[in-house]
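Chemist: Give me a 3D structure for the following:
(chains A and B)
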Amino acid sequence: MSLCNNRFTSWTRRDALQALSCGFGLLAFAGIANQAQARALRRDEDEGNPLSPKSTHLEPRAKRIIFLCMSGGPSHVDTFDHKPRLATDAGKTLGGTRAGAQLLPSPFKFNRAGKSGLMISEIMPRIAEHADSLCLLRGMNTAVPAHAQASVLMHTGSFQFVRPSLGAWTLYGLGTENQNLPGFITLNPPAGNGGAQNYGAGFLPAVYQGTRVGLERSARRNGGDGGMPNLRNPKLTADAQREQLDLVQKLNRTRLMRDRSEDQIEGVIESYELAFRMQAEMPDLMDLAGEKPKTLEMYGIGRGNDSFARQCLMARRFAEKGVRFIEVNHGGWDTHRNLKADLERQAAEIDQPIAALLADLKQRKMLDDTLVVWGGEFGRTPYAQGNDGRDHNHKGFTMWVAGGGTKGGFSYGATDEHGIEAVDGKMDIHDWHATLLHLMGMDHERLTYRWAGRDFRLTDVKGSVHRGILA
Amino acid sequence: MRPAPHPCPDRHQAPPSGACSQGLRRLGAICVGAALALSGIPASTALAQSAPSPAGIDYFEKNVRPVFVSHCFGCHSANATKVRGGLRMDSFAALLAGGDSGPAIVPGDANASLLVKAIRYTDPNTEMPPKGKLADAEIKAIEQWVAMGAPHPDAVAGPAVPQQPASGIDLERGRRWWAYVAPERGAPPTVRNAAWVSSPIDQFILARVEEAGLKPAPDADKETLVRRVTFDLTGLPPTPEEVDAFRKDTSPDAYTRLVDRLLASPRFGEHWGRRWLDVARYAESSGKESNIVYPHAWRYRDYVIGAFNEDKPYDVFLREQLAGDLLPSTNPDEQAERMIATGYLAIGTKGHNTRGEPQFRADLVDEQIDSIGQGLLATTIACARCHDHKFDPIPQRDYYAMAGIFHSTDTHYGTYRTPGNDHPSTLLEIPAGAKVPNGPTMPGPIRAAAEQQLERAESDMKDLAGLRQKARQARMPGSGVKLTAQEQQQLVRARSADGRAEASADQLARFGPDGRATSANRLAMGASDAAKPTDTRILARGELSTPGQPVPRGFLQVLAAPGDRPIRSGSGRRELADWIASETNPLTARVWVNRVWLNLFGKGIVPTPDNFGASGVRPTNQPLLDWLAVDFMEGGWSTKRLVRELVLSHAYRMSAKADPKALEVDPDNALLWRMPRRRLPAESIRDAMLMASGQLDLTPPVGSPVAFLEGADRNPVVDRALAGEALCRSVYLPVLRDRVDEMLDIFDFAEPAYVTGDRDETSVPTQALFMMNSPRVLAAAEAMATRVLGERQSEADRITRAFQLAVGRKPSQAEMVAVRSFFGDFAGAQTGTEGRAAKAQAKGQERAMWAAFCQALMQGAEFRMVE
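Modeler: This is a model prediction of the structure:
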């Protein structure tokens, strides 16, 4: 274990900043200040901080993203893609590669909503009230009809290789506005469907990885929000803990100095600094008790399974505090059978909370610069599986965006008369990524990271911005 | 990083039972047709016909099809608004598969054909068409057609003609995929730096490194090496004394002796057994909605640990888990061991509240096939449940060939008919003479709780007869009798009272009044052959409502020659085990050596260890993989020999030192020009923490804290049983699905719902928060401080000792300075005072300060990494 002993003791903060690519913990390393708060302040102005806000390629339309991720593949033809022909052609069989498949009309009625008159299913009545804020992407399509692959593709742009997630790229490109919170939070992500890959940093520095709060399955089972334990040390004062952490980081740095390529150690170092700051901010932020009863009621908190409602409110609170990318997860959309009953239940779980989130953002004047994104890894077949179910359909489905510089009350793209394949305004996952990045002020062709000898992009060699949805 | 996702992942997110579809929709009938064409198994008479003659087809088109179209297709075709009786008649395969009452036709035998019987109107229960008898000429035409052998245009591709099947799966082409070609031991490549080579493995590595114009990293120093190999072989850090001894041992075989000592340690089985338990998706509860506890699962865990410790040949290990009950045993010990081994088949995730026994069974079988497929063969067989595999050459038929084996198997997982559990089963009784512990000792409070539960269940059943009568009366119109709300509740409770009473009574019988396990607790999860083994039918779209043609039990055709090991009697598990644990299976040995490699080198030679199929990633160094696989088989499938070979290689002994040029060329270290720095598995982080603090109890505990429990995990008794820190090794902590130990969970423990060949490795603030604030870490740090203060006198010695306990080395001068400066600042920071006052208070706070320092060592990156 050779250590550069003399350098270790004589390094200054400047030296450290120049020598190392990132900045957290460096003040701690140099041991300049002794007040935890003073350090945090200085750290913010630290130009070497990989998470400090960065300038953008373009004028950003949105400052942050809230991605409402519906895993399992929500049925577009029963929610946001009205297909009257399904009713008239009910029971008709298809030919070609789908020979024998029988069209299944939606068991739900669609209604015109808002001034724009967007057709939205009766199972989303509250979201429909915000129709004039929604921009429906009805020409979505993706590469594979399998959950895990499609989910990983949606999150990272590749299902074959381990790649950084959309949230990680966003954080890498923009930094974050609140250094006391993770810049990328994922609430109750599913353990399956690609697991940590969906919020991973891939080859990007580990500091851009999403922070998981709670797990989906336990939340669904227990009706809680997953919560975040271990936010308080029962023994040490904040100052003493800061001293302790400074020691930890000094020891960590000795490893880093030996070997500067080690992203893993950098990741550990960052995780401690962030954790230290988080414990000051998170307890209040996670505690919904401070919200007005009216707000809680608006989201539907305190009634039935309110896990998703709590997450939505939490998302608003995180957004307000400057978290750059917030993913809220809701599973159970895989309606191979019991389509009617299950979709009704699923919609009931999300309708009010999402509507409340949109209303809440509006009343706080935040919807203008918050990009709300809704959707799952693919849609479902307009034809039946069994008598009351639909299979996976990756060739055409609907996602939507709201706020953040997108056109409200707008429908973009379309599937064919039955909703099988996207035929107009076709947007694949790379296009979708490119467009989301564009709204955030990033040029997807210029947002690159050099790894393994070449510059990588979220969109790899594909993707084009769909300007038609820009307000 | 997580392996490439399973390509049939409905099962990855609380699937609606039975549903696993990849969206590539095919009609069941076409699948069946494909299956017939693909069939390599001796065909039944129905299928043995040669291709129909053009004249026969002509007869069908002229005389039969028109009748079908006008009288039958209205209810029996894809065009029917509702297919009646599950029967479709619009394809040959559909006719053969038949409907709810069985196959519609037996080609060549009109009298045996249900269709003919029905149109003859001789059986009043089966008269078709229902609206009126067909004309005599029409009936005759159909009889004649069936008698001719039912020539049908769909049947042109008979089984004797090996041509491109309708499904698009070309088995011959499929067999050329790298993973399905038998591995061969190629000659290790020549290298320039021959002096570096100490094993053929090194040649395979070095050749690639040299080819890229790089050099292997220098050797790791001794302290690094002893820490690395001790963690890798036992999951524990070396003690300071062990480090010291190895450092001082200058004999040429010092390292070899160290490796052999570690291989012989009982800790080896605990560490490597746990790696297997990841693959075996081991857990002690069912998961899913109800999460019913499996109190006997621990016997399987102990079997696995034992198997690795005694270096049970891997092929035998697999055979025992798949078919231990069917293998001959020479004594009760062996019999018990093999019975417990089959627990592998029983510990999977199950939806105990699934509606309907057939669905529950189908899902159970699916889970078994999926676990075997991914775990043993790195093949996603279960993708073919609803349709032909989308990426790999696995027709749906193969899935049902394997499903037949497990439908002919009784899976014993125990449990009782309690709330949330509609599907209990029996358990296996361990032979009386076997040297197997009865079980752990039941704590008093848990016994008291069981007694209470029994009482409650019994009281729920009391007066039930009277209540039921009253309820019957209440249902009579005009009786005037009404049940009170309380009585209604009692009726609801009574519904589950039988099962609850039985569960509690058995619980109490299994543990004596003193809490000690009785012989009644000698029970195991596992498998046995069903009384009547049968083949299963293909289910179109995997749905029970659409059964198709029965498929003879068998294996994957792409890996087996036709007629290979036919299943003549019994479930076929024995044959399945022989087929998997075989030198002729091109996957089994490769999959295992890849897993072992991954656990030692951080990344698999095939980076997707659970998927060697087309949607996985190809091997980065196939000659090496194949060499290892062949060498492994020729070496008697010995895992210890394989591990020994790998850790003695020069490649394994490299340092993690980065070379700037190599970083540029191969930042991912795909060529293995250095040893990667790896995050320790969650268990090792926890074990190392307890070991440094001197608290770790290396005695393997008997059983599990859930061994006394029954019923759903949402239960205060379960909470009580799980409370508090056990001081045993992490491998012995209970693994309840969705309730994995907090620390293990935070540090990326394998999700026990799935086969996990490669865990996630994250560095997130939740881990930092745990290490900073969790009472468990604080307690361990305090214990370590007490230990260090007690074992050494001077401050310098104590600091040194702490470093040695935590990270296996002495502190550097700079680190010593850093620690002392921390000591200088700590008291002031903790009390808010400064200078002399702080010093005075520091005295009283000495232990707190040392604890904070010890905790800092545990928090450091070095503590959780091995390099």
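Chemist: pLDDT score for the residue lying closest to B:Glu751 once chain neighbours are set aside?
Modeler: In this structure, B:Glu751 finds its nearest non-sequential neighbour in A:Ala191, 4.7 Å apart by Cβ to Cβ, 6 or more residues apart in numbering or on different chains. Glycine gets a C-beta too; all of them are placed from N, C-alpha and C. Per-residue pLDDT puts A:Ala191 at 73.
Chemist: I'd like to know how many residues surround A:Ala191.
Modeler: Residues lying near A:Ala191 (other Cβ atoms under 10 Å in any protein chain shown) number 21.
Chemist: just checking, it touches B:Ala753?
Modeler: Yes. If you go by Cβ atoms under 8 Å, A:Ala191 and B:Ala753 touch, sitting 7.1 Å apart.
Chemist: Between these two, which contacts overlap?
Modeler: Jointly contacting A:Ala191 and B:Ala753 under the rule Cβ atoms under 8 Å, 6 or more residues apart in numbering or on different chains is no residue at all.
Chemist: on that earlier part again, what's the helix or strand for the residue nearest to B:Glu751?
Modeler: Assessed by DSSP states H and E, A:Ala191 sits outside every helix and strand.
Chemist: Return the helix or strand in the chain with minimum mean pLDDT.
Modeler: Let's take chain A. helix A:5-10 (a mean of 30; mean pLDDT, DSSP states H and E).
Chemist: Spell out which parts of the stretch 351-471 of chain A neighbour chain B.
Modeler: For the stretch 351-471 of chain A, the residues in contact with chain B (Cβ under 8 Å from any Cβ of the partner chain) are A:378, A:381, A:383, A:385-386, A:389, A:391-394, A:451-453.
Chemist: just curious, which of the residues you listed is nearest to chain B?
Modeler: Lowest distance from chain B to these (Cβ to the nearest Cβ) belongs to A:His392, with 3.3 Å.
Chemist: I'd assumed A:Gly376 was in contact with that closest one.
Modeler: No. A:His392 is beyond contact range of A:Gly376, at 10.3 Å (criterion: Cβ under 8 Å).
Chemist: Now list whatever residues contact both of those two.
Modeler: By Cβ under 8 Å, 6+ apart, A:His392 and A:Gly376 have these common neighbours: A:Gly73.
Chemist: where do the strands sit along the stretch 51-200 of chain A?
Modeler: A:64-70, A:110-113, A:118-121, A:134-140, A:184-187 (DSSP state E, counting those that start in this stretch).
Chemist: what's the answer for chain B, then?
Modeler: Using DSSP state E, the strands of chain B run over residues B:409-412, B:428-429, B:523-524, B:526-529, B:536-539, B:547-551, B:678-679, B:865-866.
Chemist: Which strands and helices lie in contact with the third one?
Modeler: Applying 3 or more Cβ pairs under 8 Å, 6 or more residues apart in numbering or on different chains; DSSP states H and E, one finds that strand B:523-524 contacts helix B:332-341, strand B:428-429.
Chemist: hang on, the earlier thing: so can I have a markdown table of the strands of the stretch 51-200 of chain A showing mean pLDDT, mean neighbour count and distance to chain B?
Modeler: Output for those, formatted as a markdown table (pLDDT from 0 to 100; neighbours: other Cβ atoms under 10 Å in any protein chain shown; distance: least, Cβ to the nearest Cβ, whole Å):
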| stretch | mean pLDDT | mean neighbour count | distance to chain B |
| --- | --- | --- | --- |
| strand A:64-70 | 98 | 25 | 11 |
| strand A:110-113 | 97 | 18 | 24 |
| strand A:118-121 | 98 | 23 | 20 |
| strand A:134-140 | 98 | 27 | 15 |
| strand A:184-187 | 94 | 26 | 10 |
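Chemist: export the ones you listed to JSON lines and tack on distance to A:Asp424?
Modeler: Below are the strands of the stretch 51-200 of chain A laid out as JSON lines (distance: least, Cβ to Cβ, whole Å):
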{"stretch": "strand A:64-70", "distance to A:Asp424": "23"}
{"stretch": "strand A:110-113", "distance to A:Asp424": "19"}
{"stretch": "strand A:118-121", "distance to A:Asp424": "16"}
{"stretch": "strand A:134-140", "distance to A:Asp424": "6"}
{"stretch": "strand A:184-187", "distance to A:Asp424": "33"}
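Chemist: List the contacts of stretch B:355-371.
Modeler: Contacts of stretch B:355-371 (Cβ under 8 Å, 6+ apart): B:11, B:17-18, B:20, B:280-281, B:345, B:348-352, B:354, B:380-382, B:385, B:399, B:402-403, B:406-407, B:411, B:422-423, B:539, B:542, B:544, B:755.
Chemist: Oops, could you answer that again for stretch B:323-332 instead?
Modeler: Against stretch B:323-332 from outside (Cβ under 8 Å, 6+ apart): B:319-320, B:335, B:337-342, B:428, B:431-434, B:526-529, B:570, B:573-574, B:576-577.
Chemist: again, only using 7 Å
Modeler: Outside stretch B:323-332, the residues within contact range by Cβ atoms under 7 Å, 6 or more residues apart in numbering or on different chains are B:319-320, B:335, B:338-339, B:341-342, B:431, B:433-434, B:526-529, B:570, B:573-574, B:577.
Chemist: Could you check how many residues crowd around residue 149?
Modeler: If you meant another chain, say so; for now it's chain A. Count around A:Gln149 with other Cβ under 10 Å applied: 29.
Chemist: nope, chain B please
Modeler: 19.
Chemist: now it: how far from B:Gly99?
Modeler: Look at B:Gly149 and B:Gly99: by Cβ to Cβ, to the nearest Å, they are 21 Å apart.
Chemist: try A:Leu367
Modeler: Counting by Cβ to Cβ - A:Leu367 and B:Gly99 are separated by 56 Å.
Chemist: Next: A:Ser116.
Modeler: 50 Å.
Chemist: And B:Ile105, by the same measure?
Modeler: 12 Å.
Chemist: so where is chain A shaky, pLDDT-wise?
Modeler: A:1-48, A:160, A:215-227, A:255-262, A:452-453 (pLDDT under 70).
Chemist: Buried only: go through the contacts of stretch B:323-332 for me.
Modeler: With burial judged by 16 or more other Cβ atoms under 10 Å in any protein chain shown, the buried subset of the contacts of stretch B:323-332 is B:319-320, B:335, B:338-339, B:341-342, B:431, B:434, B:526-529, B:570, B:573-574, B:577.
Chemist: Could you pull up the residues touching B:Asn621?
Modeler: So B:Asn621 contacts B:Phe204, B:Arg208, B:Ile605 (Cβ under 7 Å, 6+ apart).
Chemist: and the spatially most central residue of chain A, backbone torsions?
Modeler: For chain A, the residue nearest the mean C-alpha position is A:Glu327 (3.0 Å; Cα atoms, centre = their mean). Dihedral pair for A:Glu327: phi -110, psi 130, per degrees, to the nearest 10.
Chemist: Distance of it relative to chain B?
Modeler: Counting by Cβ to the nearest Cβ, to the nearest Å, the gap from A:Glu327 to chain B is 14 Å.
Chemist: Report the beta-bridge partner residues of that residue.
Modeler: Counting by DSSP bridges, A:Glu327 is bridged to A:Phe67, A:Thr186.
Chemist: so it touches A:Leu68, yeah?
Modeler: No. Applying Cβ atoms under 7 Å, one finds A:Glu327 not in contact with A:Leu68, separated by 8.2 Å.
Chemist: burial count for the residue in the stretch 401-550 of chain B that chain A sits nearest to?
Modeler: Minimum separation of the stretch 401-550 of chain B from chain A (Cβ to the nearest Cβ) falls at B:Glu543, amounting to 5.9 Å. Residues lying near B:Glu543 (other Cβ under 10 Å) number 21.
Chemist: Repeat that for B:Val146.
Modeler: For B:Val146, using other Cβ under 10 Å, the count is 24.
Chemist: And it, how far from chain A?
Modeler: 25 Å.
Chemist: check contacts around that residue.
Modeler: B:Ile105, B:Pro107, B:Ala110, B:Ser113, B:Val116.
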